[in-house]
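When you get a sec, could you give me coordinates for this:
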Amino acid sequence: MPRTSLPLPFDKTDQLLSRSLVARSAAGVLLGHFLSGFQDSAAHSSLAELHRMGSIGADLAAAFLAGLLDVGDALPVETREQVFLVRVNAFIERDLGDPELRPAAIAAYHHISVRTLHQLFRTQPETVSATIRRRRLERCRTDLTDPRLRHRTIGDTALRWGFRHPADFSRAFRAAYGTSPSDFRDSVFPRCP
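Here you go, the predicted model:
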């Protein structure tokens, strides 16, 4: 559902006028990173994705401004959930290479139950575990195409992004991309005869 305004109490918003808005809070930092990343990827996004990202941006902006006004509890539950989901996704990105990154570890870090974490992802296209696996595979695939990393073994690349066992990585890579990691790398960097 498109938003026309941020869900903030209008009787307090005038406190934000002529005030420097410093992004030191978690919501402010996330908003800054989101806006930077959004600007870089907007040209390559579909209209539906831009719409979803716009909603996320509005939720982050609302959370940031609500924090400045000390009215965070006035935000709709959906907005607070969306901001929390962004925090969880930022945590996943940050710790993607940690082989211990699993739903239980994510839930423990954020002081929530695993069930609550799974409920948070109920509106997302994939589960928490699938999100972690997909992002790890994407990083591995990117590394396998990087000429600066050609010296690194496929096993080292897999380990760098949280895959403990090369065989598990190879199966997951083949399932995701339809080819083995070594065949993929060879297609990018053909071997000399």
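
Quick check: which ranges of this structure have low pLDDT?
Low-confidence segments of the chain (pLDDT under 70): 1-24, 27, 51, 59, 63, 66-75, 192-193.

tell me which residues of stretch 114-125 are tucked away?
By 16 or more other C-beta atoms under 10 Å, the buried positions in stretch 114-125 come out as 117, 120-121. Every C-beta, even on glycine, is put in place using the N, C-alpha and C of the backbone.

For the helix or strand harbouring Gly37, which helices and strands make contact with it?
Gly37 is part of helix 26-41 when elements are defined by DSSP states H and E. Secondary-structure packing of helix 26-41 (3 or more C-beta pairs under 8 Å, 6 or more residues apart in numbering; DSSP states H and E): helix 47-69, helix 77-94.

Please tabulate the ones you listed in TSV and include mean neighbour count and distance to Leu159 as additional columns.
Listed next are the helices and strands packed on helix 26-41 as TSV, based on neighbours: other C-beta atoms under 10 Å; distance: least, C-beta to C-beta, whole Å:
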stretch	mean neighbour count	distance to Leu159
helix 47-69	18	32
helix 77-94	17	18
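
Same list, the ones you listed, but as JSON lines with distance to Cys140 please.
Shown next, in JSON lines, are the helices and strands packed on helix 26-41 (distance: least, C-beta to C-beta, whole Å):
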{"stretch": "helix 47-69", "distance to Cys140": "23"}
{"stretch": "helix 77-94", "distance to Cys140": "15"}
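
ok so, going back, what's the angle from the helix holding Gly37 to helix 77-94?
Helix 26-41 runs at 70 degrees relative to helix 77-94, counting by axes from the mean of the first three to the mean of the last three C-alpha atoms, to 10 degrees.

Please spell out which residues along helix 26-41 are buried.
Applying 16+ other C-beta under 10 Å to helix 26-41 flags 27-28, 30-31, 34 as buried.

Nearest spatial neighbour of the residue nearest the centre of the chain, chain-adjacent residues omitted?
Nearest to the mean C-alpha position of the chain, by C-alpha atoms, centre = their mean, lies Asn89 at 3.7 Å. Spatial nearest neighbour of Asn89, chain neighbours left out: Thr131 (7.7 Å); criterion: C-beta to C-beta, 6 or more residues apart in numbering.

How many residues are close by that neighbour?
Per other C-beta atoms under 10 Å, the neighbour tally for Thr131 reads 17.

can you tell me the helix or strand for it?
Counting by DSSP H and E, Thr131 is found in helix 128-144.

when you compare where that helix runs with where helix 77-94 runs, what's the angle?
40 degrees.
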